[in-house]
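Colleague: Give me the fold of what follows.
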Amino acid sequence: MKNFKFLMPVMAFVMAVGLAFANKANVQSNGWIDKNGPHQLNNDPCNSGTQDPCEVKFENDLNTVYQVFTGPDLETPKLGGSTEPYIISN
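Modeller: Next comes the predicted model:
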């Protein structure tokens, strides 16, 4: 019984430390564009499976093409585009 009283708090501590690192930090986002600062897209237009860079245009401004990036730092271009930019409705 003495071992049980000692092991329960130790196991709780070990579980707390272990679960603190069980997060979803590498979840794939839909994509980010530089539209007056980082802006996250609501859905993922880059799903063609090609190695072409993904680009989008908004329905209300078809003259501006935005490069899609993998994160809010806007450094790594997202692949999976096509020869024509995807059109996104607002």
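
Colleague: residue boundaries of the helices in the chain?
Modeller: Listed in chain order, the helices of the chain (DSSP state H) span 2-20.

Colleague: residue nearest the centroid of this structure?
Modeller: Against the mean C-alpha coordinate of the chain, by CA atoms, centre = their mean, the closest residue is Ser29 at 2.2 Å.

Colleague: I'd like the distance from that residue to Leu62, if you could.
Modeller: Distance of Ser29 to Leu62, computed by CB to CB, to the nearest Å: 25 Å. No exception for glycine: its C-beta is placed from N, CA and C like everyone else's.

Colleague: Val47 reaches Gly80, doesn't it?
Modeller: To be clear, residue 47 is Asn; Val isn't right here. Yes. Asn47 lies in contact with Gly80 (CB atoms under 8 Å); the separation is 5.7 Å.

Colleague: More neighbours: the two, which one.
Modeller: Shown here are Asn47 and Gly80; by other CB atoms under 10 Å, Gly80 has more neighbours (17 against 11).

Colleague: contacting residues for the residue nearest to the centre of the chain?
Modeller: 40, 70-71 (CB atoms under 8 Å, 6 or more residues apart in numbering).

Colleague: So in the chain, where's the weakest helix or strand by average pLDDT?
Modeller: The weakest-scoring helix or strand in the chain, judged by mean pLDDT, DSSP states H and E, is helix 2-20 (a mean of 82).
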